[in-house]
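1. Sequence first, then the predicted structure:
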Amino acid sequence: MTAMAPSRTEPDLSYLLDRTSHVLRTRMAAALAEIGLTARMHCALVHALEEERTQIQLAEIGDMDKTTMVNTIDALEQAGLAERRPSSTDRRARIVEVTAEGRRVAEQSMRIVDEVHRTALAALPADERTVMLRALTRLTEGELSTPAETPVAARRARQSAR
């Protein structure tokens with residue numbers, strides 16, 4: 001005899017957020033790949049353009065570990081989109097400076113990212129879109145702004161290698 005699963009008393013928010021996030025990431029990855037970028041490369045480029053930032057600062061903004069950030073900046077340098085230069089205030093730190101070509105590509109990638117977001121949001125009526133964005137912003141800035149401390153780090157969903 002099979003045991004009955006407990007009945008759900010709340011909507012599965014984790015599934016809803018994970019699923020929409022996964023599909024959005026795959027669409028973003030496909031769209032950015034058309035111009036030779038990954039989402040991480042896009043993130044580093046755009047945030048390095050905003051102000052002078054170190055690799056460590058960019059890693060924190062992009063929620064990347066140091067090794068992933070080093071590999072991302074290596075890829076940007078190989079593509080001629082960014083360069084590392086010594087910080088004028090900390091000789092151990094490296095500033096990521098976007099090249100002229102990197103600036104052009106970052107502008108193009110922002111248009112691509114905006115279009116992916118616009119397309120996803122267009123699936124909702126305007127009033128629902130406004131409410132959803134307001135609610136997600138409130139959760140992100142409030143109740144879900146800080147991850148819980150856990151003895152074992154929570155893993156993100158694995159991306160398929162298609």
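-> Yes, it's here.

2. Name the residues of stretch 40-50 that are buried.
-> 40-49 (16 or more other Cβ atoms under 10 Å). For every residue, glycine as well, the C-beta is placed using N, CA and C.

3. Could you dump these into CSV with secondary structure added?
-> CSV is the format used below for those (DSSP: H, G, I helix; E, B strand; the rest coil):
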residue, secondary structure
Arg40, helix
Met41, helix
His42, helix
Cys43, helix
Ala44, helix
Leu45, helix
Val46, helix
His47, helix
Ala48, helix
Leu49, helix
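
4. Let's have these in TSV, adding pLDDT and distance to Ile73.
-> As requested, these are exported to TSV (pLDDT from 0 to 100; distance: Cβ to Cβ, whole Å):
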residue	pLDDT	distance to Ile73
Arg40	96	10
Met41	97	9
His42	97	13
Cys43	96	11
Ala44	96	7
Leu45	97	10
Val46	97	14
His47	97	12
Ala48	96	9
Leu49	96	14
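
5. Which one of the residues you listed is nearest to Leu139?
-> Cys43 (21.2 Å; Cβ to Cβ).

6. need the contact list for that closest one.
-> By Cβ atoms under 8 Å, 6 or more residues apart in numbering, the contact list for Cys43 reads 58, 61-62.

7. Out of the buried residues of stretch 40-50, flag the one nearest to Val113.
-> Looking across these and measuring by Cβ to Cβ, the closest to Val113 is His42, at 6.6 Å.

8. if you skip the residues just before and after it, what's nearest to that closest one?
-> Ser109 (4.5 Å; Cβ to Cβ, 6 or more residues apart in numbering).

9. Alpha carbons of the strand or helix carrying Arg84, as CSV, please.
-> Using DSSP states H and E, Arg84 sits within strand 82-86. Taking Å, rounded to 0.1, in the frame of the first residue of the first chain, the C-alpha atoms of strand 82-86 are listed here in CSV:
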residue,chain,number,x,y,z
ALA,A,82,37.7,44.3,-20.6
GLU,A,83,41.1,44.6,-19.1
ARG,A,84,42.5,44.2,-15.6
ARG,A,85,44.5,47.0,-14.2
PRO,A,86,46.0,47.6,-10.7
